[in-house]
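Asker: Here is my input, please return the structure:
(2 chains)
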Amino acid sequence: MSKRHFDIQKVIIILGQTATGKSALAIKIAKKVNGEVISADSRQIYKGLDIGTGKISKREMKGIPHHLLDVANPKHKFSVAEFQQLAISAIAEIISRGKTPIICGGTGFYIDAITKGIVFPEVPPNYPLRKKLAFASDRALMLKLQKLDPERAKNIDPKNKHRLIRAIEIAKTLGKVPKIKVKTLPYKFMKIGLYLPPEKLKKKVGQRVKKMFKNGLLKEIKKLKKSGVSDQRLKELGFEYDYPTPEKVIKETLQYAKRQTAWFKRDKEIKWFELYI
RNA sequence: GCGCCGGUCGGAUAGCGGCUAUUCCAGGUGACUGUAAAUCACCCGCCUUCGGGCAUCGUUGGUUCGAGUCCAACCCGGCGCA
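Answerer: Numbering: from 1, shown residues only, chains lettered A, B, ... in the order given. Model (predicted):
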């Protein structure tokens, strides 16, 4: 019996708050283990959002192949489920070439979609329906959901319109919202979390944002607008479209970092490291 | 010095005498099943056994059954006139 038989394929995950040095570490590890990087970032997935998302440049990649960057059009929404599919096939494809997948990113939900194998109900977004329901009050949405699927209505966030609308969307096509299902992938996920103490993070974010402005963040936003990305969309993507100031961007980035921490805190499998940079 | 206006939580703001002082921002804790830098909940004067208890609207008095709200004086800030 060969040793190979007992080996479970490893998939390395590098996660953590923004600006903690994930991308650089991913490159280092990739060099060591003959790996390729899969980005798990809900904004870097889009074409044209480079400066504002802190996307790694070709040069910084140092020859390491990167997947799931620039695969979506910023004009349209990209969903977790789509990401999950692409990521799963990217993992398989990298492994089939005898290399090690390294998932690197800060979008906790995207990472969990892979590592926990969340099975999303096969109901794609119904944008006309969403648009229509967007005007309804949370109370009205709740009543609607109670009629469609009393079970789901019992444990849903009663004031969270996005979730209510999604639940209604599912219930309308499937009859009801299916119970949470999980289909784990046959890999061993090694979760490495990068952490910076608050003061250092603040400093790092400040430096990074200033660099963004220097590198032409405003020009990038203008370009996106010109290519047909609406103000509304830009806002969804986390960009100020009118008067973004460094102070504002820094503040928002730090707020985001806090939300990231809240997400990652729940995952006890993460091994945390402070990077000295 | 005179006149006018104002002083309410870290900041901003609401509060025609009546239960528990409003809302927004900032801050904190948390939730998360196809929007996730999204969305949502709770806390945000002090104490608490988490049920509540005690404070508090510049200060000090007063009117009143009852005052952030009315009155007086004072303190502070802004504007105007000297």
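Asker: so who does the closest residue to residue A:148 other than its chain neighbours touch?
Answerer: Closest residue in space to residue A:148, ignoring its immediate chain neighbours: residue A:171 at 4.0 Å, by Cβ to Cβ, 6 or more residues apart in numbering. Bear in mind the C-beta positions are built from the backbone N, C-alpha and C, glycine included. Contacts for residue A:171 (Cβ atoms under 8 Å, 6 or more residues apart in numbering) come out as A:145, A:148, A:149, A:152, A:177.
Asker: Could you export the strand or helix carrying residue A:171 as PDB, CA atoms only?
Answerer: Residue A:171 is part of helix A:161-174, with elements assigned from DSSP states H and E. Coordinates of each C-alpha in helix A:161-174 appear next as PDB, following Å, rounded to 0.1, in the frame of the first residue of the first chain:
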ATOM      1  CA  LYS A 161     -34.700  42.900   4.400                       C
ATOM      2  CA  HIS A 162     -32.000  41.300   2.300                       C
ATOM      3  CA  ARG A 163     -32.500  38.000   4.000                       C
ATOM      4  CA  LEU A 164     -36.300  38.200   4.000                       C
ATOM      5  CA  ILE A 165     -36.200  38.900   0.300                       C
ATOM      6  CA  ARG A 166     -33.800  36.100  -0.400                       C
ATOM      7  CA  ALA A 167     -36.000  33.700   1.600                       C
ATOM      8  CA  ILE A 168     -39.100  34.700  -0.300                       C
ATOM      9  CA  GLU A 169     -37.200  34.300  -3.500                       C
ATOM     10  CA  ILE A 170     -36.300  30.800  -2.600                       C
ATOM     11  CA  ALA A 171     -39.700  29.900  -1.100                       C
ATOM     12  CA  LYS A 172     -41.400  31.100  -4.300                       C
ATOM     13  CA  THR A 173     -39.600  28.800  -6.600                       C
ATOM     14  CA  LEU A 174     -38.900  25.800  -4.300                       C
END
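Asker: How far does that helix sit from its chain's centre?
Answerer: 22 Å (Cα atoms, centre = their mean, to the nearest Å).
Asker: what bridges to the nearest residue to residue A:269 once chain neighbours are set aside?
Answerer: In space, residue A:269 comes closest to residue A:191 once its chain neighbours are excluded; the distance is 5.2 Å by Cβ to Cβ, 6+ apart. Beta-bridge partners of residue A:191, counted by DSSP bridges, are residue A:13.
Asker: Residue A:191: neighbour count?
Answerer: Applying other Cβ atoms under 10 Å, we find 19 residues neighbouring residue A:191.
Asker: now do residue A:222
Answerer: Neighbours around residue A:222, by other Cβ under 10 Å: 12.
Asker: And it, which helix or strand is it part of?
Answerer: Per DSSP H and E: helix A:217-226 holds residue A:222.
Asker: Could you name the helices and strands sitting against that helix?
Answerer: Helices and strands touching helix A:217-226, by 3 or more Cβ pairs under 8 Å, 6 or more residues apart in numbering; DSSP states H and E, are helix A:231-236.
Asker: Export the helix it packs on to PDB, keeping only CA atoms.
Answerer: C-alpha atoms of helix A:231-236 as PDB (Å, rounded to 0.1, in the frame of the first residue of the first chain):
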ATOM      1  CA  ASP A 231     -23.100  55.200  -8.800                       C
ATOM      2  CA  GLN A 232     -25.400  52.800  -7.000                       C
ATOM      3  CA  ARG A 233     -23.100  49.900  -8.000                       C
ATOM      4  CA  LEU A 234     -20.000  51.800  -7.000                       C
ATOM      5  CA  LYS A 235     -21.500  52.300  -3.600                       C
ATOM      6  CA  GLU A 236     -22.300  48.600  -3.300                       C
END
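Asker: Just after the lowest-mean-pLDDT helix or strand in chain A, pick out the following helix or strand.
Answerer: Within chain A, no helix or strand scores below helix A:231-236, which has a mean of 89 by mean pLDDT, DSSP states H and E. Counting by DSSP H and E, the element after helix A:231-236 in chain order, helix or strand, is helix A:246-265.
Asker: Since that was my last question, I'll sign off now.
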